[in-house]
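Peer 1: Fold the following for me, if possible:
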Amino acid sequence: MVRLIISLFFIFSLQLSAFHRSMFLQQALDKKLVTATGKALGGHQGFCINLTLKNLTKDSLVILIEAGRRLNSIEDINQDILIVKQELLALKSNELKRINVKGYCCQASMHSPSKGAIYDINKLADSNLVKLARYLNKSKFDLQAEQSAVWAISEKRSAANIASENDSLTQSLREMVAYIKGEELPWYRILSQNYVYQNGAISCIYLKLQGLVSLSTDQENYITLCVRDEKGLNVCLVKSEWLKAGANQIYKLDLPIKGMARGKYSLEITSPDKQLLKREFEI
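Peer 2: Okay, here's the model as predicted:
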């Protein structure tokens, strides 16, 4: 009987010592229950930030690090980072822990942070970036597509920039970003590649414009594809193969655009006697 009482007392003591509180990181910061700092691991995308959290209380804490938190760079030259994957971190009383978090640059004109760059924990980003971060938290795409999705919102770029060679993998992300921005889903997509210079500056190199369009002609014709800038000047001229007679023929565009400046353009496809198609696009 004495042993039973001692055992029950021991179990009860363990339960008391194991008491913990669960909350969002923002709540813990607001109540001054934890301190938090961030350091760059080098790079601007993926698991590129290491967070250090310390529990200031006598209780155990379970902290949820929110997807959608915008980490503010202490150095103005470096990019802010948007966290896109939530993480749970358990902290014992007065315990300090470190955790790597997944995020993306949300200031394309700034520099990619070097290893050790300091970040303020800051607060949640604007509502559109939070919506995107929560979507990315539940989904998985390649790094280039996810980074392009963040820039499509933070830099007000077209959702068409969210693309990959296997486009079926990025279609849903492009649709979500267009929905969040309240814009019409672009009829085209742009394949691009980011280049990071030694000083951390990032350049987005546009490679190809791709898309499917419908063409109709009542006789076989040799068609011409022309791209014009906002001033109506020819940017490039591409002569295509013969187009057979027929209605609503699906024509696959795969147009090299490397070297073209950012801006608005029009694409025209004509036969010798009439215009078959005119579409607007933006890079």
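Peer 1: Please enumerate the strands of the stretch 51-200 of the chain.
Peer 2: Listed from the start of the chain, the stretch 51-200 of the chain has strands (DSSP state E, counting those that start in this stretch) covering 60-65, 70-73, 81-83, 87-91, 96-105, 118-120, 188-196.
Peer 1: Just name the most buried of the ones you listed.
Peer 2: With neighbours defined by mean count of other Cβ atoms under 10 Å, none of these is more surrounded on average than strand 81-83, at a mean of 28. No exception for glycine: its C-beta is placed from N, CA and C like everyone else's.
Peer 1: if you average pLDDT over it, what comes out?
Peer 2: Computed over strand 81-83, the mean pLDDT rounds to 98.
Peer 1: need the contact list for the nearest residue to Lys32 once chain neighbours are set aside.
Peer 2: Nearest residue to Lys32, sequence neighbours excluded (Cβ to Cβ, 6 or more residues apart in numbering): Leu56, at 6.8 Å. Contacts were defined as Cβ atoms under 8 Å, 6 or more residues apart in numbering; by that measure Leu56 touches 32-35, 94.
Peer 1: And the furthest pair within those residues?
Peer 2: The two members of these with the most space between them (Cβ to Cβ) are Lys32 and Asn94, at 14.0 Å.
Peer 1: What segments of the stretch 151-283 of the chain are helices?
Peer 2: Along the stretch 151-283 of the chain, the segments classed as helices by DSSP state H, counting those that start in this stretch run 171-181.
Peer 1: any idea how far Ile202 is from Leu61?
Peer 2: Note on Ile202: its distance to Leu61, by Cβ to Cβ, to the nearest Å, is 37 Å.
Peer 1: The strands of the stretch 51-200 of the chain into JSON lines, with extra columns for distance to His111?
Peer 2: Formatted as JSON lines, these follow (distance: least, Cβ to Cβ, whole Å):
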{"stretch": "strand 60-65", "distance to His111": "25"}
{"stretch": "strand 70-73", "distance to His111": "9"}
{"stretch": "strand 81-83", "distance to His111": "12"}
{"stretch": "strand 87-91", "distance to His111": "26"}
{"stretch": "strand 96-105", "distance to His111": "9"}
{"stretch": "strand 118-120", "distance to His111": "14"}
{"stretch": "strand 188-196", "distance to His111": "9"}
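Peer 1: out of these, nearest to Met23?
Peer 2: Across those, the minimum distance to Met23, taken as Cβ to Cβ, is reached by strand 60-65, at 6.7 Å.
Peer 1: pull the CA atoms of the closest one into CSV?
Peer 2: Only the C-alpha atoms of strand 60-65 are listed here, as CSV (Å, rounded to 0.1, in the frame of the first residue of the first chain):
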residue,chain,number,x,y,z
SER,A,60,7.4,23.9,-20.8
LEU,A,61,6.3,25.6,-24.0
VAL,A,62,5.2,24.3,-27.4
ILE,A,63,5.7,27.1,-29.9
LEU,A,64,4.2,27.1,-33.4
ILE,A,65,6.3,29.1,-35.8
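Peer 1: Give me the helices and strands touching it, please.
Peer 2: Secondary structure elements in contact with strand 60-65, counted by 3 or more Cβ pairs under 8 Å, 6 or more residues apart in numbering; DSSP states H and E, are strand 20-24, helix 25-30, strand 45-55, strand 87-91.
Peer 1: between those, which gets nearest to Gly103?
Peer 2: When the helices and strands packed on strand 60-65 are compared by Cβ to Cβ, strand 45-55 sits nearest Gly103, at 5.6 Å.
Peer 1: Pull the residues that contact the closest one.
Peer 2: 25, 33-42, 61, 63, 65, 71, 81, 83, 89, 91-105, 113, 119, 121, 143, 146-147.
Peer 1: For that strand, output the C-alpha coordinates as CSV.
Peer 2: Once non-C-alpha atoms are left out, strand 45-55 reads as follows in CSV (Å, rounded to 0.1, in the frame of the first residue of the first chain):
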residue,chain,number,x,y,z
GLN,A,45,15.4,30.3,-50.6
GLY,A,46,14.6,26.9,-49.0
PHE,A,47,15.8,26.2,-45.5
CYS,A,48,17.9,29.4,-45.4
ILE,A,49,17.3,30.8,-41.9
ASN,A,50,18.2,29.4,-38.5
LEU,A,51,16.0,30.6,-35.6
THR,A,52,17.1,30.6,-32.0
LEU,A,53,14.3,30.6,-29.4
LYS,A,54,14.7,30.7,-25.6
ASN,A,55,12.0,29.9,-23.1
